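Q: only the shape, not the letters, is given here:
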DNA sequence: CACGGACTTGCACATCCTTGCAAACCCGAT
DNA sequence: ATCGGGTTTGCAAGGATGTGCAAGTCCGTG
């Protein structure tokens, strides 16, 4: 009964032996200089004679050497890697965001470490895990982030940017669609259409995107003299939206128009309306989504929605990242990028005749 | 006119100063042991007295220390990170695959470095870049991979697994759907439906998935005494499929049934048929896809398709990875996982009466 | 009590790179 | 020929850890 810690299966397997990854020493010998000089050859702006530089580079090419970034990071504290914590990877909008980030980060010669984090605790874990790997920055696209992980990141000077998420903590940089204004625009649109009994199909309850869209929507309805919307839970998913719309329409006081927290749940609601309930859109019910994923433009859906400017948001995030990485003490950067109402055919534009 | 190499903007910014990430030395001092002992405390199976282990762990907890994986990797040659090279990130099937991989790898306590690589050269670059970061293995989900990168990986003993891709090189491990058999199954289905003039809407021409699906389809048609299919290019995309179907149907000899290289292009074809051409599916034309993405089940599409067993494929990949990481000299592992024909309403099942 | 064996531990070197400092060098000027 | 200034370069220390080897400890046995 000794310590049960050992775990023979985890024993490190020998990497194949003969494998020669060249190191700076080999290059130094070949070029007839010291290792320091090799290092300087690969450090932009370091003091080195042009002719020596060329000799080192030639040797490096011959051995196809390039500095080991992990060893370099030990001392430079930079890994040229950013961490990406993804929340709801089933939403096509975020899938596009993900590929936007990876391809653009690649173009800036930055590696990206992905983590998926469905719930708050795992966001914590993910951030911590990324920090241990010395990422230069962290992008979080996920519902909640408690201040603990943020604090740790700050302590080691690693910038964190929230993408389409807000928390109470004011000290955080973030880039988001102006979700509140998006919600207000939808209220205006539906009001113009002459709808009076409105409903909102919630996304995830504690996601700030969801809260802000609903808040803007409700706020503007109030200003227009309309009652607050009925609420149902759609969970940001197709199935959720499809079930939610049934509950709404079969309830006591069915709405004339429904605003869905995102496009996917709107597709569900749309299908629920026409296939489950036999209703027509927008003749019987108007429907609006949020995101403008590519599918929203397909004729089968033709969904009126609020476009999130994905590329612009991604660019803004990366630009902010650049600034924050240069100066970790810089005050937080905020971007609220206006959405754009994309009018298609799922919502009536004028009061029914 | 000196060497123009320097690039002041890249100068490394000082990480915030006071930040104290504890190192093994601090733990060693606190626990009253040497650094080696601390190291052993964190190495499963290493020789250490239980009481010492506990003392070290207590000290580590107090300082919230854990070994720096980057420094560790310098000597152990393991980073607990795998590289993931993604090909066509716009296809929802691969998006699900991606999240499948990241979440499952996380569960195995492995980090994942993502790269996107639209074309062959960038696959090369991505693999090389990942190798420099010392990943323990590479998963490639992308059209082509030339033997150069594979050779380099092999040379340093890093296993590579191709996901849903094949190359001529027999020495590669891979996991894929049995695309050829999938194609054959579709041929049988359409034959049963009484269709005789068939077409295939290509995906990307040099993707092995596409070639194999087409090969199986054509082969089986031949066995059934049917002529080879008409061909059009759909590029694996919605727009591609939608254009392709128009060219097919407006050509001299329109087909009675169309097999699309994947679901997305099938959606495009479907919409082309009903919205652009005013035809009905399956009454006028039968349509079959490949993948079984979630949308295929939506009533709006109701697409007959071949399901790729995503979870099973991902699991098989990770299991193979485990084996290969333990023993880099192990012969290549192959998995050909049968697809499953999912019959819905987009293809006629019996000859038209 | 001394000895052998098994188990623990520390030393020192290894991994691979960066960088402050000081020595060496070059070249023109005195 | 000597000096000074600026440039280049190497040394050695530093970053954080893993590990072979040998020394040390402990315990049971003869």
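A: Received the coordinates, thanks. Remember, it's a predicted structure, so these values are computed and weren't measured experimentally. Numbers count the residues shown, from 1 in each chain, chains lettered A, B, ... in the order given.
Q: what sits up against the helix or strand hosting residue A:222?
A: Using DSSP states H and E, residue A:222 sits within helix A:208-223. The contact list for helix A:208-223 (Cβ atoms under 8 Å, 6 or more residues apart in numbering or on different chains) reads A:143, A:164-167, A:176-177, A:179-184, A:186-188, A:191, A:198, A:200, A:202-204, A:227-229, A:231, A:236, A:259, A:261, A:290. To be clear about C-beta, it is placed using only N, CA and C from the backbone, and glycine gets the same treatment.
Q: run the last query once more with 7 Å
A: A:164-166, A:179-184, A:186-188, A:198, A:200, A:202-204, A:228-229, A:259, A:261, A:290 (Cβ atoms under 7 Å, 6 or more residues apart in numbering or on different chains).
Q: mind listing which of those residues are in helices?
A: A:179-184, A:186-188 (DSSP state H).
Q: residue A:64: which of these is nearest?
A: Of all the ones in helices among the contacts of helix A:208-223, residue A:179 has the smallest distance to residue A:64: 49.4 Å, by Cβ to Cβ.
Q: the residue in the stretch 101-250 of chain A positioned nearest to chain B: how many residues sit nearby?
A: In the stretch 101-250 of chain A, the residue that lies nearest chain B is residue A:157 (3.2 Å; Cβ to the nearest Cβ). When counting by other Cβ atoms under 10 Å in any protein chain shown, one arrives at 20 neighbours for residue A:157.
Q: so it is in which element?
A: Per DSSP H and E, residue A:157 falls between elements, in no helix or strand.
Q: does the host helix or strand of residue A:62 reach DNA strand C?
A: Taking DSSP H and E as the criterion, residue A:62 maps to helix A:50-63. No: residues of helix A:50-63 contacting DNA strand C under Cβ under 7 Å from any atom of the strand: none, with a closest distance of 9.7 Å.
Q: do the same with stretch A:66-75
A: Yes: residues of stretch A:66-75 contacting DNA strand C under Cβ under 7 Å from any atom of the strand: A:67-68, A:71-72, A:74-75.
Q: list the buried residues in that stretch.
A: Using 16 or more other Cβ atoms under 10 Å in any protein chain shown as the test for burial, stretch A:66-75 gives A:67-73.
Q: what's the answer for stretch A:242-258, then?
A: Quick answer for stretch A:242-258 (16+ other Cβ under 10 Å): A:242-246, A:248-249, A:254-258.
Q: out of those, list just those in strands.
A: Among those, DSSP state E puts A:257-258 in strands.
Q: any chance of the buried residues of stretch A:242-258 in a markdown table, with pLDDT and distance to DNA strand D too?
A: Below are the buried residues of stretch A:242-258 laid out as a markdown table (pLDDT from 0 to 100; distance: Cβ to the nearest atom of the strand, whole Å):
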| residue | pLDDT | distance to DNA strand D |
| --- | --- | --- |
| A:242 | 98 | 51 |
| A:243 | 98 | 50 |
| A:244 | 98 | 50 |
| A:245 | 98 | 54 |
| A:246 | 97 | 55 |
| A:248 | 97 | 55 |
| A:249 | 97 | 59 |
| A:254 | 96 | 62 |
| A:255 | 97 | 58 |
| A:256 | 97 | 62 |
| A:257 | 98 | 58 |
| A:258 | 98 | 54 |
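Q: now for the buried residues of stretch A:242-258: which two are most distant?
A: A:243 and A:256 (20.0 Å).
Q: helix/strand/coil for residue A:113?
A: Under DSSP: H, G, I helix; E, B strand; the rest coil, residue A:113 falls in the strand class.
Q: burial of it, as a residue count?
A: Applying other Cβ under 10 Å, we find 23 residues neighbouring residue A:113.
Q: so what's it closest to, chain neighbours aside?
A: Nearest non-adjacent residue to residue A:113, counting by Cβ to Cβ, 6 or more residues apart in numbering or on different chains: residue A:83, 4.9 Å away.
Q: contacting residues around residue A:254?
A: Residue A:254 touches residue A:248, counting by Cβ under 7 Å, 6+ apart.
Q: what is the burial count for the closest residue to residue A:187 other than its chain neighbours?
A: Closest residue in space to residue A:187, ignoring its immediate chain neighbours: residue A:220 at 3.6 Å, by Cβ to Cβ, 6+ apart. Using other Cβ under 10 Å, residue A:220 has 20 neighbouring residues.
Q: show the pLDDT at residue A:220.
A: Residue A:220 carries a pLDDT value of 98.
Q: in chain A, where is pLDDT below threshold?
A: A:1-19, A:142-147, A:169 (pLDDT under 70).
Q: and with 80 instead?
A: Along chain A, segments meeting pLDDT under 80 span A:1-20, A:88-90, A:119-121, A:142-151, A:155, A:167-171, A:328, A:352-353.
Q: tell me which stretches of it form helices.
A: A:24-31, A:35-41, A:50-63, A:69-76, A:92-107, A:120-132, A:147-155, A:179-192, A:208-223, A:238-250, A:263-271, A:310-326.
Q: pick the most buried one from these.
A: helix A:263-271 (a mean of 29; mean count of other Cβ atoms under 10 Å in any protein chain shown).
Q: helices or strands up against that one?
A: helix A:238-250, strand A:257-260, strand A:286-288 (3 or more Cβ pairs under 7 Å, 6 or more residues apart in numbering or on different chains; DSSP states H and E).
Q: the same query, at a cut-off of 6 Å, please.
A: Under the contact definition 3 or more Cβ pairs under 6 Å, 6 or more residues apart in numbering or on different chains; DSSP states H and E, helix A:263-271 sits against helix A:238-250, strand A:286-288.
Q: is chain B within reach of the shortest one?
A: No: in terms of Cβ under 6 Å from any Cβ of the partner chain, no part of strand A:286-288 sits within range of chain B; the closest distance is 13.8 Å.
Q: and that strand, how far out from the chain's middle?
A: 26 Å (Cα atoms, centre = their mean, to the nearest Å).
Q: do the same with stretch A:43-57
A: On Cα atoms, centre = their mean, the centre of stretch A:43-57 falls 40 Å from the chain's centre.
Q: domain ranges for chain A?
A: For chain A, the structural domains run A:1-77, A:81-177+A:310-337, A:179-308, going by automatic domain parsing.
Q: returning to that earlier point: need the helices of chain A in CSV (columns: distance to residue B:48).
A: Formatted as CSV, the helices of chain A follow (distance: least, Cβ to Cβ, whole Å):
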stretch, distance to residue B:48
helix A:24-31, 33
helix A:35-41, 35
helix A:50-63, 40
helix A:69-76, 25
helix A:92-107, 41
helix A:120-132, 22
helix A:147-155, 29
helix A:179-192, 53
helix A:208-223, 47
helix A:238-250, 51
helix A:263-271, 52
helix A:310-326, 40
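Q: between the ones you listed, which one is nearest to residue B:319?
A: Across those, closest to residue B:319 is helix A:120-132 (Cβ to Cβ), at 22.9 Å.
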